[in-house]
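>>> could you look at this predicted model? Sequence included:
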Amino acid sequence: MDRRDIFELSLAEIESWCAERSLPRYRAQQVTSWLYQRGLRDFQEMTNVPRPLRDALVTSFTIGSLELAMLSRSSDGTQKLLFRLRDGATIESVLIPDGARLTLCVSTQVGCAMGCTFCATATLGFRRHLTRGEIVEQLLQARPPTAPKARESSVDDGDLPARITNLVFMGMGEPLHNYAGTVGAIETLTSSWGVAFSHRRITVSTVGLVPEMQRLLADTQAQLAVSLTSVDETTRRELMPITKKYSVAELLAACRALPLPRRKRITFEYVLIAAVNDRVDDARALARALAGIRCKVNLIPFNPFPGSSLRRSDDVSVARFQDVVRRAGVHATVRESRGPDIAAACGQLVAAEERRARDVASASDSGSTGGAADLATAMSS
Ligand code: SF4
């Protein structure tokens, strides 16, 4: 019998599993406490769980499925984790230290269907959704050890802060296209029986799937970030094909109507691309379009990747754009891409890994061995 990954289950499902075996339901919470608070990776080490239950758990479940295939460390402290999934596909997570903050960026899909032209993940196309457990496990593997009995963390934590303080769903994939996986993962991550991570410190980023944005605010208390990148309908359609389904006007009207709790605001992400959306007129149009929406804007200079003809805005244009938006009364911050020397922008490492695999395959046809050095070259190309 194929064993299920126990990270796929909610507390209620583990309780039902216990009940089917005439075991008290409270045993379920003992198990989840070992899994999520103590980070245990072996059912037999759950010392307050009776032996027959431990044996039954071993027979029915595995603990996790992600294998850390590569860890890259940037000169700016950013760490990129490449995970291999059970079916051989690879995904990325990124740990980003910033003073006392340590942000983990997780993936929600293998590849992505949204086709944004400024994103390396789009070049992979859509392969599949990640499961709830595969999303949660990215955090479990990336966080430092939390208890003496915990497994060794996958991550060489070096000078990183002691714990992950913020979690962003901004890695590979559109989180709201994988609604069930994303919301299921948020349940495990925020529940007291799970990781007990604060809702306020979780941000879900979307290209603007309007109905799912509304559902997300109803179903969770996560923060919402909308990747906007242009308020001109034609330009945004070219950069972000989802605009054909939800126009800029419709997206912004939906944002304006969202029932945001007090003190909550939407983050708009705006990728600055030279001579495409970084002119003074673009900045003025952005500020006008956001009037009346409780929000802040993150300006992100485009991070070039192999095969893209788009160019990064120069520093003068970035500063000028920020100044125009701010003067119009909209809070705007420039966010530099982190870890450029390890291809830390969304999808770049997996794309590099796939190029390497192709190169190795063709090199082995011609007698070359390939290997890690090839990957380092591919990553820096
Ligand atoms: S930016 Fe996000 S939604 Fe767009 S293609 Fe990349 S991963 Fe997908």
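That came through fine.
>>> all strands for the stretch 101-250 of the chain, in order.
101-105, 109-111, 126-129, 166-169, 202-206, 223-227 (DSSP state E, counting those that start in this stretch).
>>> for these, give me TSV that also has mean neighbour count.
The way it works is simple: take the backbone N, C-alpha and C, and place the C-beta from them, glycine included. Shown next, in TSV, are these (neighbours: other C-beta atoms under 10 Å):
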stretch	mean neighbour count
strand 101-105	20
strand 109-111	23
strand 126-129	17
strand 166-169	22
strand 202-206	22
strand 223-227	22
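>>> wait, which of those is closest to the ligand?
Closest to the ligand of the strands of the stretch 101-250 of the chain is strand 223-227 (C-beta to the nearest ligand atom; 6.0 Å).
>>> in CSV: the strands of the stretch 101-250 of the chain, plus distance to L260 and mean pLDDT.
What follows is those, written out as CSV (distance: least, C-beta to C-beta, whole Å; pLDDT from 0 to 100):
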stretch, distance to L260, mean pLDDT
strand 101-105, 22, 96
strand 109-111, 26, 98
strand 126-129, 27, 98
strand 166-169, 18, 98
strand 202-206, 14, 98
strand 223-227, 8, 97
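>>> pLDDT wise, what is the most centrally placed residue in the chain at?
Centroid check for the chain by C-alpha atoms, centre = their mean gives V106 as the closest residue, at 2.6 Å. The per-residue pLDDT reported for V106 equals 98.
>>> what residues of stretch 278-297 count as buried?
D278, R279, D282, A283, A285, L286, A287, A289, L290, I293, C295, V297 (16 or more other C-beta atoms under 10 Å).
>>> should've said stretch 320-335
Residues R320, F321, Q322, V324, V325, V330, A332 are the ones in stretch 320-335 that count as buried (16+ other C-beta under 10 Å).
>>> start to end distance for it?
15 Å (C-alpha to C-alpha, to the nearest Å).
>>> so how far is it from its chain's centroid?
26 Å (C-alpha atoms, centre = their mean, to the nearest Å).
>>> who's in contact with it?
The contact list for stretch 320-335, computed with C-beta atoms under 8 Å, 6 or more residues apart in numbering, reads 272, 278, 280, 282-284, 286-288, 290-291, 295-301, 313, 318-319.
>>> and stretch 164-172, by the same measure?
By C-beta under 8 Å, 6+ apart, stretch 164-172 touches 91-95, 100-112, 121, 124, 139, 142-143, 175, 182, 189, 197, 201-205, 222, 225, 346-347, 350.
>>> swap the cut-off to 6 Å and go again
91-92, 101-108, 121, 143, 175, 201-205, 346-347 (C-beta atoms under 6 Å, 6 or more residues apart in numbering).
>>> with only the CA atoms kept, save that stretch in CSV.
Extracted C-alpha coordinates of stretch 164-172, given in CSV (Å, rounded to 0.1, in the frame of the first residue of the first chain):
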residue,chain,number,x,y,z
ILE,A,164,11.8,32.6,10.0
THR,A,165,9.8,35.8,10.8
ASN,A,166,7.9,36.3,7.5
LEU,A,167,6.5,34.0,4.9
VAL,A,168,5.7,35.1,1.3
PHE,A,169,3.9,33.1,-1.3
MET,A,170,5.9,34.7,-4.2
GLY,A,171,8.0,31.8,-5.5
MET,A,172,7.3,29.7,-8.5
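>>> number of residues surrounding P24?
With neighbours defined by other C-beta atoms under 10 Å, the count for P24 comes to 11.
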